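Undergrad: Test case, fold it:
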Amino acid sequence: MMDEIMSLVEKHEKWRGQECINLIPSENVMSPTVRTLLSTELGHRYTAPDRFYMGTRFIDEIEQYGVQLAKDVFNSETADLRPLSGHVANLILLACFTNPNDKVVCVSADDGGYPGISKQGISHYFRLKMLTFPFSNAEMNIKADEAEDFILREKPRVIVFGASLFLFPHPVRQLAKAAKEVEAHVGYDGSHVLGLIAGREFQDPLREGASILIGSTHKSFFGPQGGIILADKEHGEFIQKRIHPAFVDNAHWNRIAALSLALAEMKKFGRAYARQVIQNAQVLAKALAEKGFPVKCPHLSYTRSHQVFLDFGGEKKGRPVAKKLEKSNIIADCRVRLGVNEVTRRGMRQKEMHKIADFIDQAYKKGENPSEVKKDVIKFMKDFQQIHYCFK
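TA: All right, here's what the predicted structure looks like:
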């Protein structure tokens with residue numbers, strides 16, 4: 001049994017870790033040192049805010065160090081590293097600031113919003129009335145003027161910016177004024193764009209009117225899989241008093257050590273990384289558009305994030321595209337959102353985006369033998385096994 005399990009893991013690591021071009025925007029790759037921290041002795045241990053457990057002094061120091069780094073990186077008054085995922089961070093946000101039958105406004109899942117807080121997600125079990133922003137499919141963004149009137153009319157309890165399909169900054173500053181007028185709490189789910197926010201290259205939600213910034217730490221941010229909450233003092237302290245033991249008991253301290261080091265990497269290298277991510281995304285988008293692919297929003301330079309969206313008309317039509325690409329070792333999701341965050345971390349720049357566009361074109365449009373394209377992809381990836389934007 002052991003040999004079978006180890007063999008499967010080794011096969012996965014060789015294939016996905018060395019031989020594939022990974023374009024899934026919700027994934028990234030950790031630096032070798034950050035990755036090693038996940039297998040340390042910390043993975044066995046507990047600590048708790050009430051100091052119930054003894055022997056935790058170094059664990060507690062690690063957490064305090066990571067919290068301070070997070071506050072520095074995001075310029076926030078409070079930070080909490082304990083949420084086990086971005087989804088759990090969303091759960092905490094809604095649980096802390098809503099009651100049953102309260103209204104919550106977010107981007108519809110049909111428009112690229114996060115399904116986890118939709119009518120079928122967390123909000124259903126919290127008995128919330130989910131409302132969705134007026135949204136422009138042509139601009140791939142919230143219709144700010146209509147949304148402002150909508151907020152003033154509906155008077156929601158919580159407003160959540162952010163999305164899963166996230167190409168452009170949201171109009172936080174304009175709509176935060178309306179939110180303040182109706183006394184709504186303003187949250188921002190930065191799961192996808194957290195690394196770009198940290199690198200000061202997307203938008204700055206906490207300065208634009210959001211009180212709470214939540215997110216995943218493994219998408220454009222290059223840490224271990226997990227979640228984070230950044231907030232102003234009032235909202236942050238309110239949340240921190242309620243997280244344990246209601247939402248997180250053991251926060252996985254090996255993960256928090258790894259996240260702390262990733263935060264240090266982001267503080268040192270985040271600006272250069274985020275800038276290159278956006279440049280790569282725009283170059284890839286333009287190269288694919290020139291080859292006839294249905295790249296969304298050409299009139300807006302295609303994207304201001306790590307994502308490029310090939311609009312084939314929904315998941316049903318996108319799935320065959322993703323399957324074709326997978327046969328050539330090009331990994332995408334079934335909505336055909338392409339993320340350049342991981343390839344950027346592997347040291348790829350504008351030149352390589354043109355090469356990736358060629359591979360996609362060969363794999364999908366020209367009908368070439370997938371095995372031949374796959375061989376070329378494997379050969380190409382041999383030069384990109386080192387992780388960049390990290391401590392040596």
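Undergrad: Show me what the lowest-mean-pLDDT helix or strand in the chain is in contact with.
TA: Among the helices and strands of the chain, helix 122-126 carries the lowest confidence by mean pLDDT, DSSP states H and E, at a mean of 92. Here helix 122-126 makes contact (Cβ atoms under 8 Å, 6 or more residues apart in numbering) with 87, 90-91, 94-95, 98, 100, 104, 116-117, 130. Quick note: C-beta positions are derived from backbone N, CA and C, even for glycine.
Undergrad: how about the strands in the stretch 201-350 of the chain?
TA: 212-216, 227-231, 307-309, 330-331, 337-339 (DSSP state E, counting those that start in this stretch).
Undergrad: before we move on, the earlier item: counting neighbours, which bits of the least confident helix or strand of the chain end up buried?
TA: By neighbour count on 16 or more other Cβ atoms under 10 Å, the buried set for helix 122-126 is 122-123, 126.
Undergrad: cool, stretch 273-283 as well?
TA: For stretch 273-283, burial by neighbour count (16+ other Cβ under 10 Å) applies to 273-274, 276-283.
Undergrad: out of these, who's nearest residue 242?
TA: residue 274 (31.8 Å; Cβ to Cβ).
Undergrad: residues touching the closest one, list them.
TA: Applying Cβ under 8 Å, 6+ apart, the residues near residue 274 are 195-196, 198-202, 220.
Undergrad: Ok, residue 324 next?
TA: Per Cβ under 8 Å, 6+ apart, neighbours of residue 324: 363-364, 370.
Undergrad: which stretches of the stretch 1-150 of the chain form helices?
TA: 2-14, 32-37, 57-74, 86-97, 122-126, 144-154 (DSSP state H, counting those that start in this stretch).
Undergrad: circling back: pick the one among the buried residues of stretch 273-283 closest to residue 25.
TA: Among the buried residues of stretch 273-283, residue 281 lies closest to residue 25 (Cβ to Cβ), at 9.4 Å.
Undergrad: Wait, the closest one touches residue 343, no?
TA: No - assessed by Cβ atoms under 8 Å, residue 281 is found out of contact with residue 343, at 10.2 Å.
Undergrad: What's the local residue count around residue 378?
TA: Using other Cβ atoms under 10 Å, residue 378 is surrounded by 16 other residues.
Undergrad: hang on, it in a helix?
TA: Yes - Residue 378: assigned to a helix according to DSSP: H, G, I helix; E, B strand; the rest coil.
Undergrad: Report the contact partners of the nearest residue to it once chain neighbours are set aside.
TA: Closest residue in space to residue 378, ignoring its immediate chain neighbours: residue 19 at 4.7 Å, by Cβ to Cβ, 6 or more residues apart in numbering. Taking Cβ under 8 Å, 6+ apart, we find residue 19 in contact with 329, 377-378, 381.
Undergrad: so which of those residues comes closest to residue 56?
TA: For the contacts of residue 19, the nearest to residue 56 is residue 381 (41.8 Å; Cβ to Cβ).
Undergrad: Give me the residue at the spatial middle of the protein.
TA: Residue closest to the average C-alpha location in the chain (Cα atoms, centre = their mean): residue 192, at 2.4 Å.
Undergrad: residues touching it, list them.
TA: 25-26, 162-164, 166, 216, 219-220, 305-307.
Undergrad: do residue 162 as well
TA: 106-107, 114, 170, 188-193.
Undergrad: Relative to residue 132, how far out is it?
TA: Per Cβ to Cβ, to the nearest Å, residue 162 is found 13 Å from residue 132.
Undergrad: shared neighbours, those two?
TA: Residues touching both residue 162 and residue 132 (Cβ under 8 Å, 6+ apart) are 106-107.
Undergrad: follow-up on the earlier one: of the contacts of residue 19, which pair is most distant in space?
TA: The span of the contacts of residue 19, defined through Cβ to Cβ, is set by 329 and 381 at 7.9 Å.
Undergrad: overlap in contacts of the two?
TA: The contact lists of residue 329 and residue 381 share 19-21, where a contact means Cβ under 8 Å, 6+ apart.
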